[in-house]
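here is the input, now give the coordinates:
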Amino acid sequence: MPETFEFGKNWQNYAAAIDETRIDAAVLAIREKLEVSRLDGLGFVDVGSGSGLMSLAARRLGARVLSFDVDADSVACTRALKERFFSDDPDWRVMDGSVLDPSFLKGVGTFDIVYSWGVLHHTGDMWRAIENVTQLAKPVARVFIAIYNDQGRTSRHWLAIKRAYNKLPESLRWIVLWPCLVRLWGPTILRDTARGQPLRSWREYRSLRGMSAWHDVVDWVGGYPFEVAKPEEIFDFFRTRGWTLSALKTCGGGLGCNEFVFNRSSADAGNPGEVSGT
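Now for the predicted structure:
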């Protein structure tokens, strides 16, 4: 079995680039997707916090934040970001923990907003992880998750690439990474160049939740474990558990994540309907 990807090392490399522009983009992403102007007084849990950027954005919006990650380097990265912007703030906690650990989850409480972007499909047990994040939600709550799109044969092809990447010594991973970079970004760069704006899309990538194009490529190519789901599978999973879809952004059947926001009222929580396994 190949080793899992060291997500935290990639995020630590990215963290040095976090500035006010990236933070503003992350804040805007939360505000737009949740259709809010502020999160004052609300509990926000960032499941798999990575760099800590989205936790920082939620805290900037006034939420009481819990960030946790199973990767020690990611936890360190999030703590460093907290120290940089919200030192000694009791309303932002950073913990080492797994979304697959029921005892840990029971100890952290429940939240108004459960956020997990591009994380649950890397746990090695995606459907149990999705089930577990719903246990972190209050009776009236919102869940905001992003899950890799199931492209059938193409997804299986990328799974093989990710396995190959992680089997290689770090010094040789460029053999897989650079061809993938060309495959992922080559057409876009050529199109921008033809329009007289070389690398425009690459530079503007930071407007997407404050992310970095390069670090997202490394995360995509190396990201293993790797699972996928069709949008309707995620929808059905939540619907049968009493959740209502309030926002959806798909990747158009292509490469990347489908984004979902689900709402639940106290009435929904008390009468979830028939629950089917996935």
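
counting contacts, what elements does the strand or helix carrying Tyr148 pack onto?
Applying DSSP states H and E as the criterion places Tyr148 in strand 137-148. Secondary-structure packing of strand 137-148 (3 or more Cβ pairs under 8 Å, 6 or more residues apart in numbering; DSSP states H and E): helix 20-34, strand 111-117, helix 126-134, helix 231-239, strand 257-264, helix 266-270. (Each C-beta comes from the backbone N, C-alpha and C, glycine too.)

mind running it again at 6 Å?
If you count contacts as 3 or more Cβ pairs under 6 Å, 6 or more residues apart in numbering; DSSP states H and E, strand 137-148 packs onto strand 111-117, strand 257-264, helix 266-270.

between these, which has the poorest mean confidence score?
Among those, helix 266-270 carries the lowest mean pLDDT, at a mean of 59.

so what touches the longest helix that the chain contains?
Of all segments of type helix in the chain, defined using DSSP state H, the longest is helix 174-194. Taking contacts as Cβ atoms under 6 Å, 6 or more residues apart in numbering, the residues outside helix 174-194 that touch it are 164-165, 198, 200-201, 217, 221.

so how do I select the buried members of these in PyMOL?
A single PyMOL command selects the buried members of the contacts of helix 174-194 (16 or more other Cβ atoms under 10 Å):
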select buried, resi 165+217+221
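
now the residue most central in space within the chain. Nearest residue, chain neighbours left out?
For the chain, the residue sitting closest to the mean C-alpha position, by Cα atoms, centre = their mean, is Trp117 at 2.0 Å. Counting by Cβ to Cβ, 6 or more residues apart in numbering, the nearest residue to Trp117 once its immediate chain neighbours are dropped is Ala146, at 4.5 Å.

please report how far Val261 lies from Ser155.
23 Å (Cβ to Cβ, to the nearest Å).

for Tyr14, same thing?
25 Å.

the more surrounded of these two?
Neighbour totals were compared for Tyr14 and Ser155, and Tyr14 leads with 22 against 16 (other Cβ atoms under 10 Å).

in which helix or strand would I find the closest residue to Asp219 other than its chain neighbours?
The shortest distance from Asp219 to any non-neighbouring residue, by Cβ to Cβ, 6+ apart, is to Asn10 (5.7 Å). In the assignment (DSSP H and E), Asn10 maps to helix 7-15.

could you give the mean pLDDT of that helix?
73.

repeat for stretch 90-102
Computed over stretch 90-102, the average pLDDT equals 97.

same question for stretch 214-227.
88.

show the contacting residues for the closest residue to Asp73 other than its chain neighbours.
Once flanking residues are discounted, Asp73 sits nearest to Gly8: 2.5 Å by Cβ to Cβ, 6+ apart. Residues in contact with Gly8 (Cβ under 6 Å, 6+ apart) are 71, 73-74.

just the ones in strands from the contacts of helix 174-194, please.
Nothing among the contacts of helix 174-194 maps onto strands, per DSSP state E.

show me which of the contacts of helix 174-194 is closest to Gly50.
Val217 (15.2 Å; Cβ to Cβ).
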